[in-house]
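Student: coordinates only, sequence not included:
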């Protein structure tokens, strides 16, 4: 497995500070890796035992690599500073992309930077991946508020009060105005004059009353003639 100097430098810069960088100025030596083997499919989400022949003392770190054989880069730390026992149980993440190849393992000896690579293997990932919605749901957006609050409209109501008209006293009507004549009130205007009852003679009780008055008058006239 071949690696470019640039890819290795950028890859190890992404690893945690606790992992000793691989000394890429030297060729890979020691701790030959037996599993996973070339083109082996490692199931995602299930425990898998990485095995190698421990040839160095002290602790080692294990990194997961991704990419073609001539330009692989570290994508995850499988184990950080574990005892060099020759095996480690690893459960690949279900977020790993399924591939028949283009994965690798690197073992680095802590403190010295001595390192070793595995052959390329694949990852079998049967975990269904939910497709991303074509139009992702977004929270409702609130209407934008103006930078300067706009005051509500002002409604002005104008009320005109007309005082009652008072006719002036002691002022003669204008020249040419018609004046009522005869003391009669204009028709349809003003206050009608009071009505007083008219004295009428009591009615005669009958023709007999008129005859008695005439006879009395004749007697008085005759008495006056005889007196002279």
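Tutor: Structure's in. What do you need? Being a predicted model, the structure only gives us computed values, none of them experimental.
Student: Mind listing the residues bridging to residue 82?
Tutor: Beta-bridge pairing of residue 82 under DSSP bridges involves residue 60.
Student: do you know how far residue 30 is from residue 124?
Tutor: Between residue 30 and residue 124 the distance, using CB to CB, to the nearest Å, works out to 30 Å. Backbone N, C-alpha and C define where each C-beta goes, glycine included.
Student: Residue 89 now?
Tutor: Counting by CB to CB, the gap from residue 89 to residue 124 is 17 Å.
Student: can you give me the helices for the protein?
Tutor: 5-13, 207-227 (DSSP state H).
Student: how long is stretch 41-60 from one end to the other?
Tutor: 24 Å (CA to CA, to the nearest Å).
Student: what is the rounded mean pLDDT of it?
Tutor: For stretch 41-60, the mean pLDDT works out to 97.
Student: Mind listing what's buried along that stretch?
Tutor: The neighbour-count check on stretch 41-60 (16 or more other CB atoms under 10 Å) flags 41-42, 44, 48, 50, 52, 54, 56, 59-60 as buried.
Student: And those, which is closest to residue 22?
Tutor: Residue 22 lies nearest to residue 60 out of the buried residues of stretch 41-60, by CB to CB, at 11.3 Å.
Student: which ones are touching the closest one?
Tutor: Counting by CB atoms under 8 Å, 6 or more residues apart in numbering, residue 60 makes contact with 31, 79, 81-84, 107-110.
Student: where does this protein dip in pLDDT?
Tutor: Along the chain, segments meeting pLDDT under 70 span 1-18, 128-140, 143, 145-151, 155-228.
Student: before we move on, back to that, using neighbour counts, trim the contacts of residue 60 to the buried set.
Tutor: 31, 79, 84, 107-110.
Student: export the residues you listed to a markdown table and tack on distance to residue 66?
Tutor: A markdown table is the format used below for these (distance: CB to CB, whole Å):
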| residue | distance to residue 66 |
| --- | --- |
| 31 | 21 |
| 79 | 17 |
| 84 | 24 |
| 107 | 16 |
| 108 | 17 |
| 109 | 22 |
| 110 | 23 |
